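Undergrad: A structural model of the following input is requested.
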Amino acid sequence: MPKVLITAPAHSCLKEGLEQRGYLVDTLEKINHQELKELIPAYAGLIVASRIQIDKEILAAAQSLKWIGRLGSGMEIIDVEQATAQQIVCMSSPDGNCESVGEHCLGLLLSLLHNISSSRDEVREGKWLREANRGFELGGKTVGIIGLGHTGSAFAHLLSPFGVTVLAHDKYKTGFSGGHIIESTLEAIQESADVISFHLPLNAETQHYANEQFFSSLKKRPYFLNASRGGVVDTAALISALDQGLVAAAGLDVLENEDLASYIAHETDMLQQLLRRRNVIVTPHIAGSSHESLVKLAQSLLKKLDLLPWP
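TA: Below is the predicted model of the structure:
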């Protein structure tokens, strides 16, 4: 029987579903790169999240590998070009956690607009400041969404009852205007948006998409959200934009480097500059990590496996 290795936390229904489909399943959630390289020759299938890079070194050792399943959406952790050259099918499951990401973005936005997180901290310090925490309503605002894939679309859908206008820009999609969503250009978003939310994959094209030039082109001092990939935002440029008042507030679920233990002094300083601001919320890459999404991610991969001709 072909074997599958699960290298990340997954709902039990994934293992059960794989076994029902004729696989022998091993789970090693804490396996490292070297250990995976040594063990991968024995496996026909591999399930990964975001912890281990599936690079040329791993793939060169993957003599029996037929497919790789990604729990989530970011395929930058897999050398897809090399895998394709080896006839290894690569699958992701962005439909599995997009609703969770959309809800998290909405939560970040409402918390920033109404000073929920910062005023909670003040109450803990014995401060009861009502007027200083007068917030803004979301209704009537213009929200710019950059990247209208699964998560961008989920966020746009959740915004519908708030009476907002959504300006959506996606370089690879057209003809999607409808209802409260208007197909837009990047320049129009920079000109008119009260809120800007990023929903982009990380690749050579999107690395530091939000850079100094991006922030200097903003006209309305928007609230800025990123729950996609940390690398699409130049952290130093964001801090500078906050300093200059080009951005009103920021909600970040991702960072350029999320391994805090590996930080050098400059990275630590930048993180502290973000954390000590009352108009910034940083969460530890949890937007897509709901209990429900754990099930949906597994179900998504199992459905895609059913389209393959093996085992």
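Undergrad: and the pLDDT for W310?
TA: On pLDDT, W310 comes in at 68.
Undergrad: for A49, same thing?
TA: 93.
Undergrad: contact partners for it?
TA: 7-9, 70-72 (Cβ atoms under 8 Å, 6 or more residues apart in numbering). Placement of C-beta: from N, CA and C, glycine included.
Undergrad: in a markdown table, list these along with neighbour count.
TA: What follows is these, written out as a markdown table (neighbours: other Cβ atoms under 10 Å):
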| residue | neighbour count |
| --- | --- |
| T7 | 24 |
| A8 | 20 |
| P9 | 12 |
| R70 | 24 |
| L71 | 26 |
| G72 | 21 |
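Undergrad: those residues in strands, which ones?
TA: Counting by DSSP state E, the part of the contacts of A49 found in strands is R70.
Undergrad: how about the contacts of A49, which pair is most distant?
TA: Checked with Cβ to Cβ, the contacts of A49 reach their widest spread between P9 and R70, with 13.8 Å between them.
Undergrad: for this structure, which spans come out with low pLDDT?
TA: Along the chain, the parts satisfying pLDDT under 70 run over 310-311.
Undergrad: quick one, strands of it?
TA: With DSSP E as the criterion, the chain has strands at 3-6, 24-27, 45-48, 67-70, 89-91, 142-146, 165-169, 181-183, 195-198, 223-226, 249-252, 280-282.
Undergrad: who's in contact with the last one?
TA: So the one you mean is strand 280-282. By Cβ under 8 Å, 6+ apart, strand 280-282 touches 108, 111-112, 117, 242, 249-253, 255, 271, 274-275.
Undergrad: partners of it in the sheet?
TA: strand 249-252 (parallel) (DSSP bridges).
Undergrad: outside of the strand it pairs with itself, list whatever touches it.
TA: With Cβ under 8 Å, 6+ apart as the criterion, strand 249-252 contacts 105, 108-109, 111-112, 223-227, 230, 233, 238, 242, 274, 279-283.
Undergrad: let's see 6 Å
TA: Strand 249-252 has contacts (Cβ atoms under 6 Å, 6 or more residues apart in numbering) with 108, 112, 223-226, 279-282.
Undergrad: what of stretch 257-264?
TA: 267, 285.
Undergrad: isn't K141 right up against A193?
TA: No: using Cβ atoms under 6 Å, K141 is not in contact with A193, being 8.4 Å away.
Undergrad: tell me which of the two has more neighbours.
TA: A193 (26 against 21; other Cβ atoms under 10 Å).
Undergrad: my guess is the more buried one contacts F224, does it?
TA: No: counting by Cβ under 6 Å, A193 sits too far from F224 to count as a contact (9.7 Å).
Undergrad: what's the neighbour count on the closest residue to G179 other than its chain neighbours?
TA: Distances taken as Cβ to Cβ, 6 or more residues apart in numbering place S160 nearest to G179, at 7.0 Å, with adjacent residues excluded. Per other Cβ under 10 Å, the neighbour tally for S160 reads 12.
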